[in-house]
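S.K.: Here's a sequence, model it:
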Amino acid sequence: MKVIFILSAGHSGSTLLDILLDTHRQVIGVGEIHTFKKDSQVRCACGKAVQECRRWAPIINQVAVSPCGLKTKLKTKVEHFLNLDVYRYNNCPDVLIDKDAYIKTNEALFDEILKREEGQIIVDSSKSIERVELLSLSDKIEPIIVHLVRDTRAVTWSYMRKYKKKRHYLFIWLSHNIKIELLKYRVRAPAILVGYSEIVRQPQKTIDRIIRLAGLQPQDIIGEYQTVPHHQFGGNGMRFAPKDIIDDNAWRSEMPKWLQYVVFFFTGWLDLVYRLRMWIIK
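M.R.: Numbers count the residues shown, from 1 in each chain. As a prediction, this is how the structure comes out:
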């Protein structure tokens, strides 16, 4: 089974990308599915509690999940860069993950989704690097990595504005994207680099690139994404009522200029590398 994994730093537009891909008739967007469990308080994108949703209610009763859930805890920087074989649950940080059991549970979950829906390919926007590392070991799952990148200053400011901590999030964009680069090197799965600005300016063309990489034929997305029903398990609030695609660039006026310069001084080199890569792709 083919699964498109969206990987990015937070606040980069992964929910929007999930919804756009989900509009394709052969694609099933499941949102941040690593929050899946029977007693989840997450609401489906259709607006209903997942226990009452047409898609999720039967699946929740069919797939048994560990009491610790499916969400993996972030590895430490040392564990990640040394590629240590250590995985823990986010909700049970002292419990090591049984890799075989974790993989089989996710295979069963994806199987149930494919049985009950018309699509051929699943989109998982959990954004968890550790999750992709684990599921890439599956004999059944064929990962396709969509590396989504947004301006380093936009992401950093979004974190700082939400959590009110400046120094803590200064390098979050850089560290997360370096981890994704290491993952792509280690997993060697088909991968594509996509820019948030690219989605905003040329949404149809961007989605078509991803769809072709997944082995499907493109179809009109932009004329339908706001009207077709969506059932993402998690993600940000826009999943409940997809809006017009506009560039969220409020950071340019809200973020202090000195902070923009500081962030770009330390992390902008990788941002420029990504811009060059995407320019070459065009």
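S.K.: which strand is the longest one in this protein?
M.R.: For the chain, the strand with the greatest residue count under DSSP state E is strand 142-149.
S.K.: so how far is the helix ranked longest in the chain off the chain centroid?
M.R.: In the chain, ranked by residue count with DSSP state H as the criterion, the top helix is helix 257-281. Centroid separation for helix 257-281 versus its chain: 21 Å, with CA atoms, centre = their mean, to the nearest Å.
S.K.: For that helix, which residues meet the burial criterion?
M.R.: 259-260, 263-264, 267-268, 270-271, 274 (16 or more other CB atoms under 10 Å). Glycine gets a C-beta too; all of them are placed from N, C-alpha and C.
S.K.: Give me the phi and psi for Gly223.
M.R.: Note on Gly223: its backbone torsions stand at phi -80, psi -10 [degrees, to the nearest 10].
S.K.: Count residues in the vicinity of it, would you?
M.R.: For Gly223, the count of nearby residues is 10 (other CB atoms under 10 Å).
S.K.: can you check Ile246 too?
M.R.: 7.
S.K.: Go ahead and confirm it touches Val200.
M.R.: Yes - judged on CB atoms under 8 Å, Ile246 makes contact with Val200 at a distance of 6.9 Å.
S.K.: Helix, strand, or coil at Cys92?
M.R.: coil (DSSP: H, G, I helix; E, B strand; the rest coil).
S.K.: Around it, how many other residues sit close by?
M.R.: Counted with other CB under 10 Å, Cys92 comes out at 15.
S.K.: cool, Tyr225 as well?
M.R.: Tyr225, neighbours per other CB under 10 Å, totals 20.
S.K.: That one reaches Asp18, doesn't it?
M.R.: No - using CB under 8 Å, Tyr225 is not in contact with Asp18; the gap is 10.6 Å.
S.K.: in the stretch 101-250 of the chain, what spans have low per-residue confidence?
M.R.: The stretch 101-250 of the chain contains no residues with pLDDT under 70.
S.K.: can you map out the strands along it?
M.R.: 121-124, 142-149, 191-195 (DSSP state E, counting those that start in this stretch).
S.K.: and the first one, which strands flank it?
M.R.: Read it as strand 121-124. strand 2-7 (parallel), strand 27-29 (parallel) (DSSP bridges).
S.K.: Show me which residues of it are buried.
M.R.: Buried residues in strand 121-124 (16+ other CB under 10 Å): 121-124.
S.K.: if we can go back for a sec, out of the buried residues of helix 257-281, who's nearest Glu32?
M.R.: When the buried residues of helix 257-281 are ranked by distance to Glu32 (CB to CB), Tyr274 comes first, at 23.3 Å.
S.K.: Report the contact partners of that closest one.
M.R.: The contact partners of Tyr274, by CB atoms under 8 Å, 6 or more residues apart in numbering, come to 149, 177, 193, 195.
S.K.: How about the first one, nearest residue that isn't a chain neighbour?
M.R.: Right, the one you point to is Val149. In this structure, Val149 finds its nearest non-sequential neighbour in Tyr274, 4.9 Å apart by CB to CB, 6 or more residues apart in numbering.
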